[in-house]
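Peer 1: Show me how the following folds:
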Amino acid sequence: MNTIEEERIDPGHIAAPRYLGWTPAIAGALIATALSAVLIAFGTAIGLGVASSAPTWRDASVALWLLSGVYLILVSLVSFGVGGYVAGRIRTTMPAADGDLEFRNGLHGLAAWAIAVVMTVLITALVGSATLARAPSTQTVPAASAAEPMLSYELDRLFRPARRTPNAETAMERAEAGRILLASSSHSGVAAEDRTYLVQLVNGVTGLAGPDVERRVDNIIASAKSAIARSRRSAIIAAFSVAASILLGAVVAWFTACEGGRHRDGAGPGWLTNRPLTAREQGIP
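Peer 2: The predicted model follows:
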């Protein structure tokens, strides 16, 4: 008589499958962050970075703004695509339904995308705070208004004297004039009393005659208005490019993670694989 021994496994000792594995997600995020840093550095070297030697891109063309934005989107697609693929490819396989398995793969790509975005924001904030901490203190200098450095060239032209005075200090005048010029971008523009005061201010610094100083003030106000408008347009394009690249990066990370999971399981690409129809889709009662 043969005795059949049945081995029973206590369900309490079986680890429940996890939807998210942090190791693949962090690895994909690190790869995406490193690759994007390399590509952005390369783009900056060839003149396609979201930065310019001119203040606020005011001297750059619209074509350069758009081209730099498109390049930023391509960098996001490539870096997040590679990071999402790696996260899905090295993920531990766990038994699950077909739809659930694809969701888990995509979730790892989305987690890698989120970690990479948070890391980039934190690194940028740390670098910015360290730069500000190492900057020389400007407390002894009268408040340089927000017009610096956006309107620094206009302020230079505004207070340019016919003959240079030795040790001439115009920090207070530049700051005050800069705040007045910033009002040129408003709907009402520079008020009449502000223009009159600006004429008196420039006259006292440069020593120019009345008609000449009024002509200079009017030209600088028009130039400042144009510079502020161009700066505003460039900021809108840059902000839209960054937002679009981040959102598209999430989509690409999801789909490439799904493709990485299919390659891990030995399946073909998702767009070439014919999924078998269920009984409901076939119309079988």
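Peer 1: When you work out contacts or count neighbours from here on, use the C-alpha atoms and nothing else.
Peer 2: OK.
Peer 1: secondary structure class for the residue nearest to the spatial centre of the chain?
Peer 2: Geometric centre of the chain, nearest residue: residue 242, 4.1 Å, by Cα atoms, centre = their mean. Secondary structure for residue 242, judged by DSSP: H, G, I helix; E, B strand; the rest coil, is helix.
Peer 1: I figured it hits residue 72, correct?
Peer 2: Yes - counting by Cα atoms under 8 Å, residue 242 touches residue 72, with 7.2 Å between them.
Peer 1: wait, what's in contact with the residue lying closest to residue 91 once chain neighbours are set aside?
Peer 2: Nearest non-adjacent residue to residue 91, counting by Cα to Cα, 6 or more residues apart in numbering: residue 24, 5.7 Å away. Listed by Cα atoms under 8 Å, 6 or more residues apart in numbering, the contact partners of residue 24 are 86-88, 90-91, 108, 112.
Peer 1: Where does the prediction get shaky in the stretch 101-250 of the chain?
Peer 2: 132-147, 163-168 (pLDDT under 70).
Peer 1: where along it do the helices fall?
Peer 2: 152-158, 171-182, 192-206, 210-264 (DSSP state H, counting those that start in this stretch).
Peer 1: would a markdown table of those with distance to residue 63 be doable?
Peer 2: Listed next are the helices of the stretch 101-250 of the chain as a markdown table, based on distance: least, Cα to Cα, whole Å:
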| stretch | distance to residue 63 |
| --- | --- |
| helix 152-158 | 23 |
| helix 171-182 | 26 |
| helix 192-206 | 35 |
| helix 210-264 | 11 |
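Peer 1: For residue 20, which of those is the nearest?
Peer 2: Nearest of the helices of the stretch 101-250 of the chain to residue 20, taken as Cα to Cα: helix 210-264 at 12.6 Å.
Peer 1: re earlier: measure how far the strand or helix carrying the residue nearest to residue 91 is from the centre of its chain, please.
Peer 2: Using DSSP states H and E, residue 24 falls within helix 22-45. A distance of 14 Å separates the centroid of the chain from that of helix 22-45, by Cα atoms, centre = their mean, to the nearest Å.
Peer 1: Give me the angle between that helix and helix 210-264.
Peer 2: Interaxial angle, helix 22-45 versus helix 210-264 (axes from the mean of the first three to the mean of the last three Cα atoms, to 10 degrees): 140 degrees.
Peer 1: Following the chain onward from helix 22-45, which element is next?
Peer 2: helix 62-89.
Peer 1: Report the buried residues of that following helix.
Peer 2: 64-89 (16 or more other Cα atoms under 10 Å).
Peer 1: so what does it touch, helix or strand wise?
Peer 2: Applying 3 or more Cα pairs under 8 Å, 6 or more residues apart in numbering; DSSP states H and E, one finds that helix 62-89 makes contact with helix 22-45, helix 98-134, helix 210-264.
Peer 1: what about that helix, distance to the chain center?
Peer 2: Going by Cα atoms, centre = their mean, where helix 62-89 is centred and where its chain is centred differ by 11 Å.
Peer 1: Just want the angle from it to helix 22-45.
Peer 2: Using the same axes, to 10 degrees: helix 62-89 against helix 22-45 is 160 degrees.
Peer 1: tell me the mean pLDDT for helix 62-89?
Peer 2: For helix 62-89, mean pLDDT is 88.
Peer 1: That helix to helix 98-134, inter-axis angle?
Peer 2: Using the same axes, to 10 degrees: helix 62-89 against helix 98-134 is 130 degrees.
Peer 1: residues in contact with stretch 148-166?
Peer 2: 55-56, 174, 177-178, 202, 205-208, 216-217, 220, 223-224, 227-228.
Peer 1: Same question for that stretch: list its buried residues.
Peer 2: 148, 150-151, 154-155, 158-159.
Peer 1: Kindly format the C-alpha coordinates of it as CSV.
Peer 2: Extracted in CSV, the C-alpha atoms of stretch 148-166 (Å, rounded to 0.1, in the frame of the first residue of the first chain):
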residue,chain,number,x,y,z
GLU,A,148,19.0,94.2,-13.7
PRO,A,149,20.2,92.4,-15.7
MET,A,150,17.3,92.4,-18.1
LEU,A,151,17.5,96.1,-18.9
SER,A,152,21.1,96.6,-18.0
TYR,A,153,22.0,97.6,-21.6
GLU,A,154,19.2,100.2,-21.6
LEU,A,155,20.3,101.6,-18.3
ASP,A,156,23.8,101.9,-19.6
ARG,A,157,22.6,103.8,-22.6
LEU,A,158,20.3,106.0,-20.5
PHE,A,159,23.1,107.2,-18.1
ARG,A,160,25.9,107.3,-20.6
PRO,A,161,27.6,110.7,-20.3
ALA,A,162,29.3,112.6,-23.0
ARG,A,163,32.5,112.6,-21.0
ARG,A,164,33.3,109.9,-18.3
THR,A,165,33.4,111.3,-14.8
PRO,A,166,36.0,109.7,-12.6
